[in-house]
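# Sequence first, then the predicted structure:
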Amino acid sequence: MNDPGAPELQAPELKPATPAWAAVGVPRAHESAALHVLGEATYTDDVPELQGTLHAALGLSERAHANIKAMDLAAVRAAPGVVAVYTAGDIPGVNDCGPIIHDDPILADVLVQYVGQPLFIVVADSHDDARRAACRAVVDYEILPAIFTPQEAKAAQSYVLPPMRLRRGQFDQAMASAPHKASGQLFVGGQEQFYLEGQIAYAIPKENAGMLVLSSTQHPSEMQHVVAHALGVASHNIAVECRRMGGGFGGKESQSALWAAAAAIAASRLKRPVKLRADRDDDMLVTGKRHCFYYEYEVGYDDAGRILAARVDMTLRAGYSADLSGPVATRAVCHFDNAYYLSDVDIRAACGKTNTQSNTAFRGFGGPQGALAIEYAIDDIARQLGRDALDVRRLNLYGRDDADGRNVTPYGQKVTDNVIGAIIDDLEESSDYRARRDAIDLFNRTSPVLKKGLALTPVKFGIAFNVTHLNQAGALVHVYVDGSVLVNHGGTEMGQGVHTKVMQVVAHELGVELERVRVTATDTSKVANTSATAASTGADLNGKAAQDAARQIRERLAEYAAKLYGGDAASVRFAAGVVHANGHVVAFPELVRQAYLARVQLWSDGYYATPGLHWDQATMSGHPFSYFAYGAAVSEVALDTLTGEWKLLRVDALYDAGRSLNPAIDLGQVEGGFIQGMGWLTTEQLCWNADGKLTTHAPSTYKIPAISDCPEDFRVRLFENANVEDSIHRSKAVGEPPLLLPFSVFFAIRDAVSSVGGHQVNPPLNAPATSEEILNAIGAVEAALR
């Protein structure tokens, strides 16, 4: 029926050539871009402090491995401004913040296991007073033997978890019969997350044993669980909220728990708000980083360079506790193949227990470390055969169908959407790879000091949590009477644009302008039992959940519009802020107003669980990934062989983002991931002294890439390719996979070093490829030719 009181808009003439309205697939600014630029974006430390707020700091161990014989905190308690000091015995609940295995105490009690491990909490009237007081403790240690490197852990069989192994085919027989063999060792260092906003938590006591924790975290639900356990209360007593982080990169997935728990313990004991904000030095001393890896590898191959057998033994520096090292090692094992079919493999990984920070998640989560090993081996093969490494890479790529059986991974998942060959074809031509290779060879023959290098490397990266049950998400969507829309979902914003993409998805589903949609802070009291925003799944999971919620509201509105104006609900169209129903065109807010008066529900929850996933950790087999994202990059470097200094001259990168939800954000993610990965492989060196203290714990000693390290010629494109899986609008993840693209930088440097010896010797180049490491590799090449 028609409502004569409802105003109508003039129906426009619809022409077939008119492009369909869409809120997705178009470049839009980050939802907080203006706030970022104006300095008005609210981070945890920007939230106005409540009256009576106190400030906490952590007292840290000065020994790597020791028993605590005595701890005198009298001077700490007597320090100016100090209100209270708490040790492990003051924790009312469980003294643990481990995400999987309970081997990670909030505060050390009898045993300390690394330099920087928290021993006590100081609460004072100011941040500075708390930090100064924390330095006054007198601790008597009984020193114990310490292990610092993965090589030492391997030799001592010191592990935080049982080693894992994945085998396919008959490696021993295939290796024995292979015409050619290559083997070696490789060390790849870790990486500090170096988020701009450090670790911080602000705990605010509530009535009836409640606690609100404002936390800079990628995993509010995990913070809720840890805080509840530490306080000895149920999860419903704890609410954790995060509007945004100033970067996370994995470092705030599990390791924000220590800070949230410590602040909550102090707030609970004192019944006053307590803020714990880590100084940069303390942050880097306390928290874990990307796992460094030590590899022993061996490959057998034929005359053309096709890999017949491959073995790798990877030892991670896990640190003193398990944290997320098990899943990191699993992903490394599952990405050893990268983009290549490996018929007969023996892949081993062990999480070495060391007396260092407990290493944790970092963008890529073991995938980059796993894939780098096979790329290193292929680089060896090409040099031993005198072939261009690109040709050897092409020869070993996964197939596209079942015809030759070359499309199944070592863990048993079929590669059904392989576009890596097309990406490489495109990039080889668009980057003018072959002509540049010839020009570089000529340059190197005539230049005795400066050398150039070139490399093209591919990426295949699996998208999903390896732990199947984590692949789920929820969302809430509210449509208000004025037609504005509010969204809350389980994903957390760390600058990557997940809120922007979810807003676009909801706007598209409801057919409204993006400006009508707003996202609120991630909050455990709104969407419960959320997974971490990690594994590149933020937009995939939460976008689908929000779409589900918005769809339900749209369908209710469509049914109401059909009743109001006649016709079929399925034919009602929502687009560009108006609703088309049986020849009538009504503004979205007006239809919403009418629906409210008719008592139509204008809010809904949404839920999504990724289908088709399964994984057997015991057999290391299954279908752990929803789909694969692909990409490739070409990098050209110039190298000074006398100083080891180098410069990145040009980068051409092509990345498969599926049908991108937001090309502007996705291009930014590819560019940022590339530079961050380049830093890991070239300049970001973590160093510990002989006593196990991290000496690179500030920007004065730890070198992330700066603007001058970026290439002047930086060409990044998105590959047009709809996802074969039913992902959100057929898009693909873009968080982690681009970090593997700068493999091309590392291997371009290795190519330049190799040219010193006329490409006759495989340079033993470790990562990060600092100037010192480059000079060592050059020296090794020259020595091998003497």
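Right, received. Where do you want to start?

# All the strands of the stretch 601-750 of the chain, residue numbers only.
Ranges of strands within the stretch 601-750 of the chain are 603-609, 614-616, 621-623, 627-640, 646-656, 713-719, based on DSSP state E, counting those that start in this stretch.

# Not counting its own residues, what contacts the second one?
Counting contacts by CB atoms under 8 Å, 6 or more residues apart in numbering, the residues outside strand 614-616 that touch it are Asn466, Val467, Thr468, Ser621, Gly622, His623, Pro624. C-betas here are computed from N, CA, C, even on glycine.

# Flag every buried residue along it.
Trp615 (16 or more other CB atoms under 10 Å).

# so where is this protein shaky, pLDDT-wise?
The model of the chain has pLDDT under 70 over residues 1-20.

# can you do 50?
For the chain, applying pLDDT under 50 flags the ranges 1-19.

# which residues touch the most centrally placed residue in it?
By CA atoms, centre = their mean, the chain has its centre lying nearest to Arg363, at 2.8 Å. Taking CB under 8 Å, 6+ apart, we find Arg363 in contact with Phe249, Gly250, Gly673, Gln676, Gly735, Glu736, Leu739.

# Could you find which two of the residues you listed are furthest from each other?
Farthest pair in the contacts of Arg363 (CB to CB) is Gly250 and Gly673. Separation: 12.5 Å.

# Leu270 reaches Ile121, doesn't it?
No: with contact defined as CB atoms under 8 Å, Leu270 and Ile121 do not form a contacting pair (10.8 Å).

# What separation do you get for the nearest residue to His225 once chain neighbours are set aside and Val213?
Excluding the flanking residues, the one nearest His225 by CB to CB, 6 or more residues apart in numbering is Ser235, at 6.2 Å. Per CB to CB, to the nearest Å, Ser235 is found 12 Å from Val213.

# same deal with Glu40?
Distance from Glu40 to Val213, by CB to CB: 23 Å.

# Could you save the strands of the stretch 601-750 of the chain as a markdown table and add columns showing distance to Ala558?
Listed next are the strands of the stretch 601-750 of the chain as a markdown table, based on distance: least, CB to CB, whole Å:
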| stretch | distance to Ala558 |
| --- | --- |
| strand 603-609 | 14 |
| strand 614-616 | 36 |
| strand 621-623 | 36 |
| strand 627-640 | 31 |
| strand 646-656 | 35 |
| strand 713-719 | 33 |
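
# Let me know which of the ones you listed is the nearest to Ser755.
With CB to CB as the yardstick, what comes closest out of the strands of the stretch 601-750 of the chain is strand 627-640 (8.7 Å).

# Can you name every helix or strand that that closest one contacts?
helix 420-430, helix 433-446, strand 450-463, strand 646-656, helix 743-755 (3 or more CB pairs under 8 Å, 6 or more residues apart in numbering; DSSP states H and E).

# How far does the following helix or strand past the last one sit from its chain's centre?
Going back to what we said before, that points to helix 743-755. Following helix 743-755 in sequence order, the next helix or strand is helix 771-784 (DSSP states H and E). Put simply, helix 771-784 sits 33 Å off its chain's centre (CA atoms, centre = their mean, to the nearest Å).

# What ranges does the stretch 51-200 of the chain have for its helices?
Along the stretch 51-200 of the chain, the segments classed as helices by DSSP state H, counting those that start in this stretch run 74-78, 127-134, 150-156, 171-177.

# Can you point out the buried residues in the second one?
By neighbour count on 16+ other CB under 10 Å, the buried set for helix 127-134 is His127, Asp129, Ala130, Arg131, Arg132, Ala133, Ala134.

# Roughly how far does the third one sit from Asp45?
Same thing as Ala130. 15 Å.

# okay, the helices and strands packed on strand 627-640, which one's buried deepest?
When these are scored by mean count of other CB atoms under 10 Å, the highest mean neighbour count falls to helix 743-755 (a mean of 28).

# So which elements touch it?
helix 367-385, strand 450-463, strand 627-640, strand 646-656, helix 663-682, helix 771-784.

# Give me the nearest residue to His729, chain neighbours excluded.
Nearest to His729 is Val24, by CB to CB, 6+ apart, at 5.1 Å.

# For burial, what's the neighbour tally of the one you found?
22 (other CB atoms under 10 Å).

# helix or strand for it, which one?
Using DSSP H and E, no helix or strand contains Val24.

# Please report the distance of the residue nearest to His225 from Ser215.
Ser235 is 15 Å from Ser215, by CB to CB.

# neighbour-wise, which of those two wins?
Counted by other CB under 10 Å, Ser235 and Ser215 do not tie: Ser215 has more neighbours, with 32 against 16.

# Tell me the bridge partners for the more buried one.
Beta-bridge partners recorded for Ser215 (DSSP bridges): Ala201.

# any idea how far Val233 is from it?
Distance from Ser215 to Val233, by CB to CB: 17 Å.

# I'd say His55 and Asp129 touch.
Yes: the pair His55 / Asp129 is scored as a contact, 7.5 Å apart, by CB under 8 Å.

# And the contacts of stretch 565-572?
Contacts of stretch 565-572 (CB under 8 Å, 6+ apart): 1-2, 555, 557-559, 561-562, 579-584, 586.

# ok, of those, which one's closest to Gly612?
Glu555 (25.6 Å).

# thinking again about what came up before, any of the contacts of stretch 565-572 buried? List them.
Among the contacts of stretch 565-572, those buried by neighbour count (16+ other CB under 10 Å) are Leu557, Ala558, Glu559, Ala561, Ala562, Val579, His580, Ala581, His584, Val586.

# Lovely, talk soon.
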